[in-house]
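Undergrad: Task: produce atomic coordinates for the following.
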Amino acid sequence: MCLAIPGKIIEIYDENGLIMGKIDYSGTVNRACLAYVPEAQVGDYVIVHAGFAISLLNEQEAQKSLEAWDDVIDKLKEEGYQVESEPLSEKRKKEKK
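TA: Predicted coordinates for the structure are as follows:
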């Protein structure tokens, strides 16, 4: 199962002829191939699967999705589940202040 979390493109570069991007997931940065979204620009939000950006999201869609993930994390904690790593929820709460 794949859980789609939007990430923001913070850098675009060429690597061995492939268009690549650094993607920021609320403070965690990974790289992804942007070949399937050649129109992508720095500042755009993408959904990445298996190292490939597979779709673009506008900022409103991305924020809506990230808020939904925050709600999921909060609900799990309320129900007593131990949430080991919560970079999205905690970092986004700090950003909102």
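Undergrad: For the chain, just list every one of the helices.
TA: 59-78, 87-96 (DSSP state H).
Undergrad: Those helices: lowest mean pLDDT?
TA: Set side by side, those show their lowest mean pLDDT on helix 87-96, which sits at a mean of 57.
Undergrad: tell me the domain ranges of the chain?
TA: Domain segmentation of the chain under automatic domain parsing yields 7-57, 60-96.
Undergrad: burial count for Gly21?
TA: Close neighbours of Gly21, defined as other C-beta atoms under 10 Å, add up to 26. Any C-beta I mention is one placed from the backbone N, CA and C, and that applies to glycine too.
Undergrad: before we move on, what about Glu61?
TA: 14.
Undergrad: surely it meets Tyr45?
TA: Yes: shown here, Glu61 and Tyr45 form a contact pair, counting by C-beta atoms under 8 Å, at 7.3 Å.
Undergrad: any shared contact partners between those two?
TA: Common contacts of Glu61 and Tyr45 (C-beta atoms under 8 Å, 6 or more residues apart in numbering): Pro6.
Undergrad: mind checking how far His49 is from Asp74?
TA: As defined by C-beta to C-beta, to the nearest Å, His49 lies at a distance of 25 Å from Asp74.
Undergrad: Let's see the pLDDT reported for the residue of the chain positioned farthest from its centre.
TA: Relative to the C-alpha centroid of the chain, counting by C-alpha atoms, centre = their mean, Gly80 is the outermost residue, at 25.7 Å. Model confidence at Gly80, given as pLDDT, is 89.
Undergrad: Next up, phi/psi of it, please.
TA: Geometry field for Gly80 lists phi and psi as phi 90, psi 0, criterion degrees, to the nearest 10.
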